[in-house]
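below are the sequence and a predicted model for it; my questions follow.
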Amino acid sequence: MANPVPTYRQMWPIYASFWDAMGPAQGRAGEIARAAKKLFLTKKRYVGVEQATGVPWFMVAALHWRESSQNWQKQLAQGWPLNSKSRWIPYTGPFDTWEESAYDALVKQKRYDKVIEWRLEKIIYYCERWNGWGYWQYHGKMPSPFVWGASTIQKRGKYVADGSFDPSVWDTQIGTAILMSAIADFDKTVKFVRED
């Protein structure tokens, strides 16, 4: 039986606890730092998306890395090629620019422009919501590797396709949480506001 979709009120204390306990998984620190530096060096493009949507630039950057390893020729929503209609959920595109795809994903698809007060725990909640609640609902409230990949919080198991979970697979991608933490190491202007 599936767990219900969790509320933010339920999740934020869990996220706060995970964040405080999180570190890079063994042997992953250098890879995480290189990815974060690459995202930081293109901050200007992400800030443009933040100005258009209200979504923090470092969250957009982490989602971009997770969906396509920062490929500017892929849609932000699901990593499908920019110049064609996606065959993966959500079915969007084509787009002329990556920024158009980002606006569509963040505003038209997800409505993240309506979120008030982007506290750290809320950023993590909406990163998990971005990818879906399958790990929580159907796999024992498992920490989503989309968020916690390459960190000490990660557990074995991955959705290898839409709706197809493999408990034996270790997700090798870097999760959004550890990426945002590493981005903040490069950019001291990134200040995470926490829930009390």
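Sure, I can see it.

avg pLDDT for stretch 143-157?
Across stretch 143-157, pLDDT averages out at 98.

gap between the worst-scoring helix or strand of the chain on mean pLDDT and the chain center?
Taking mean pLDDT, DSSP states H and E as the measure, the chain has strand 158-161 as its least confident helix or strand, at a mean of 92. Distance of strand 158-161 from the chain centroid (CA atoms, centre = their mean, to the nearest Å) equals 16 Å.

buried ones in that strand, by neighbour count?
For strand 158-161, a neighbour-count test (16 or more other CB atoms under 10 Å) marks Lys158, Tyr159 as buried. From N, CA and C alone the C-beta is placed, and that goes for glycine too.

now swap in stretch 105-120 and tell me
For stretch 105-120, by 16+ other CB under 10 Å, it's Ala105, Leu106, Val107, Gln109, Lys110, Tyr112, Val115, Trp118, Arg119, Leu120.

now stretch 7-22 - C-alpha only, CSV.
Written as CSV, here are the backbone C-alpha positions of stretch 7-22 (Å, rounded to 0.1, in the frame of the first residue of the first chain):
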residue,chain,number,x,y,z
THR,A,7,3.2,17.5,3.1
TYR,A,8,5.9,20.0,3.6
ARG,A,9,5.1,20.1,7.3
GLN,A,10,5.8,16.4,7.5
MET,A,11,9.0,16.5,5.5
TRP,A,12,10.9,19.6,6.6
PRO,A,13,12.1,18.2,9.9
ILE,A,14,13.3,15.1,8.0
TYR,A,15,15.1,17.2,5.4
ALA,A,16,16.7,19.4,8.2
SER,A,17,18.0,16.3,9.9
PHE,A,18,19.4,14.8,6.7
TRP,A,19,21.0,18.0,5.6
ASP,A,20,22.7,18.4,9.0
ALA,A,21,24.0,14.8,8.8
MET,A,22,24.9,14.9,5.1
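
for it, give me every contacting residue.
By CB atoms under 8 Å, 6 or more residues apart in numbering, the residues outside stretch 7-22 that reach it are 119-122, 124-125, 128, 143, 148, 151-153, 177-178, 181, 194-195.

would you show me how to pick out the buried ones of these in PyMOL?
Burial among the contacts of stretch 7-22 is assessed by 16+ other CB under 10 Å; the matching PyMOL selection reads:
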select buried, resi 119+120+121+122+124+125+128+143+148+151+153+177+178+181
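
out of the contacts of stretch 7-22, which sit inside helices?
If you go by DSSP state H, those have Leu120, Glu121, Lys122, Ile124, Tyr125, Glu128, Trp148, Ala177, Ile178, Ser181 in helices.
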